[in-house]
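K.L.:
just need the structure, nothing else, for what follows:
(one chain, ligands or ions: 1)
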Amino acid sequence: MTDILPVRVAPPAASADPETMDRASLQALQLERLQWTVRHAYENVPLYRAKFDAAGIAPGDIRSLADVERLPFTTKEDLRGAYPFGMFAVPMDEVRRIHASSGTTGRPTVVGYTQGDLDRWAELIARSLRAAGVQPGWKVHNAYGYGLFTGGLGAHAGIERLGCVVIPVSGGQTARQVQLIRDFEPDVIMCTPSYLLTIADAFEEQGLDARATSLKVAICGAEPWTNEMRRELERRMDLKAVDIYGLSEVMGPGVGQEAVATQDGPHIWEDHFLPEVIDDDLQHVADGERGELVFTTLTKEAFPVIRYRTRDLTRLMPGSAFPAMRRIEKITGRNDDMIILRGVNLFPTQIEEIALEIEHLTPHFVLELTKRGRMDELTVKIECTPGIERATSEAAAQILQARVKERIGTTIGVEIVPTGSLPRSEGKYKRVYDLRARE
Ligand code: DLL
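P.N.:
Sure thing, here's the model as predicted:
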């Protein structure tokens, strides 16, 4: 690489198949690509140049993978501050697609892709589908939302790339989803886990057997879900449910994928993304320890990110189905959806896990935070399986309350609400309602 770079250069190509290469070869490829990315970001994105200069680090200082720790972090606020296109590393005429992540507050984060980025993304989705057991020629019902969200169009291109038939349904209109699943007989469904639950319910509400569909595999992600939810979906729909992970800022779906053979957490596609986990003091922790997941992209041209703080909480584990690539433990929370209730940390997925162990309770629940005097209170509003006696549902509510106290160490209220009264998911499900400010 010369010192005077052209405006855009493609990332270094892999010399062998990354899916089967050994870890040492993978790490050599990662280092080469890391060096390319850092230089590319420094040369072409003013914010990275300013941050690196302030930290006293130059692209040439990255000599080993461990040197990534010397680089400054990037946050969602950095990306928002550069709204809309300030973090793009290529001229606009090189950009072929834009997506945006709405987030819950403020401006969206806008991301861009070159043709090369779109090709690599399609390849990674195709790889993810293969890991999920999908075979060329299969029909894939894609119920991730199409539009600025990366889920729909991101998955779409990869489904085609693998040689499958894509059914681009997008999210919502649940009755139509049911109809299309019955009529088109897809092998695979892609949607959020909470939306799959809505679809399963819709089958049953119409008196149809959700276990009798043609679906063999569900590729679910875009929101935290538990292994208990997986079992519920598998039981109710008679299919294998696997976890797909990703985020817009890093690419979109397909940053990592769980293998159907092992169902033990998503493998991170490490030839394209360098993962790290950090603690509360922003220090890198050893593999196996829990903390916040951080990514540096290794092949992104239009939108490279350096040490991007995802807010997702997990730990890195050795590879299984893909031995050279590390896995993450199923993500069950983000540090911004953690509820701190009278000093005790609690995630909605912990409630999901406990509720689904208890007979007669369903995964249909929301959490309401209120204030009584100066005390915060949390109430779980949850639906029971239809048709049970009041005394049975009250007993189930008491068990939930007792188990939360025992395992999480805090007292919550539980209110059984009528079947069908809670909002149903059409994509990413909103579980927490914070009503404290209103009181
Ligand atoms: O949700 C990309 C995606 C689409 C992933 C479809 C998988 C399937 P964002 O809207 O930017 O992108 O949201 C990213 O969603 O930081 C996690 O908090 C959460 N998330 C995504 N996948 C999973 C997963 C897409 N498998 C944010 N498990 C991430 C848990 C997930 N959380």
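
K.L.:
what lines up beside the helix or strand of the chain with the lowest mean pLDDT in the sheet?
P.N.:
In the chain, no helix or strand scores lower on mean pLDDT, DSSP states H and E than strand 333-334, which sits at a mean of 89. Strand 333-334 has the following strand partners under DSSP bridges: strand 308-314 (antiparallel).

K.L.:
quick one: list the elements packing against the next helix or strand after the strand it pairs with.
P.N.:
Using DSSP states H and E, the helix or strand that follows strand 308-314 in sequence is strand 316-317. Where contact means 3 or more CB pairs under 8 Å, 6 or more residues apart in numbering; DSSP states H and E, strand 316-317 is packed against strand 327-328. To be clear about C-beta, it is placed using only N, CA and C from the backbone, and glycine gets the same treatment.

K.L.:
which residues are contacting the strand it packs on?
P.N.:
Under the criterion CB atoms under 8 Å, 6 or more residues apart in numbering, residues 245, 256, 258, 264-268, 275, 293, 314-320 lie in contact with strand 327-328.

K.L.:
report the buried members of these.
P.N.:
245, 256, 258, 264-268, 275, 293, 314-316, 319-320 (16 or more other CB atoms under 10 Å).

K.L.:
closest one to Q135 out of those residues, please.
P.N.:
Closest to Q135 out of the buried ones among the contacts of strand 327-328 is E258 (17.2 Å), distances taken as CB to CB.

K.L.:
now for the longest helix along the chain, which elements pack on it?
P.N.:
Determined from DSSP state H, the single longest helix within the chain is helix 23-44. Counting contacts by 3+ CB pairs under 8 Å, 6+ apart, helix 23-44 is packed against helix 46-55, strand 291-297.

K.L.:
if we go to 10 Å?
P.N.:
Applying 3 or more CB pairs under 10 Å, 6 or more residues apart in numbering; DSSP states H and E, we find helix 23-44 packed against helix 46-55, strand 273-278, strand 291-297.

K.L.:
how far off centre is it?
P.N.:
24 Å (CA atoms, centre = their mean, to the nearest Å).

K.L.:
tell me the mean pLDDT for it?
P.N.:
For helix 23-44, mean pLDDT is 98.

K.L.:
measure how it sits relative to strand 273-278, angle-wise.
P.N.:
Going by axes from the mean of the first three to the mean of the last three CA atoms, to 10 degrees, helix 23-44 is angled at 90 degrees with respect to strand 273-278.

K.L.:
next one: D117 relative to the ligand, how far apart?
P.N.:
15 Å (CB to the nearest ligand atom, to the nearest Å).

K.L.:
ok, which residues in this structure are in contact with the ligand?
P.N.:
Proximity of the chain to the ligand (CB under 6 Å from any ligand atom) is limited to residues 101, 144, 150-151, 221-224, 243-248, 252-253, 310, 312, 331, 334.
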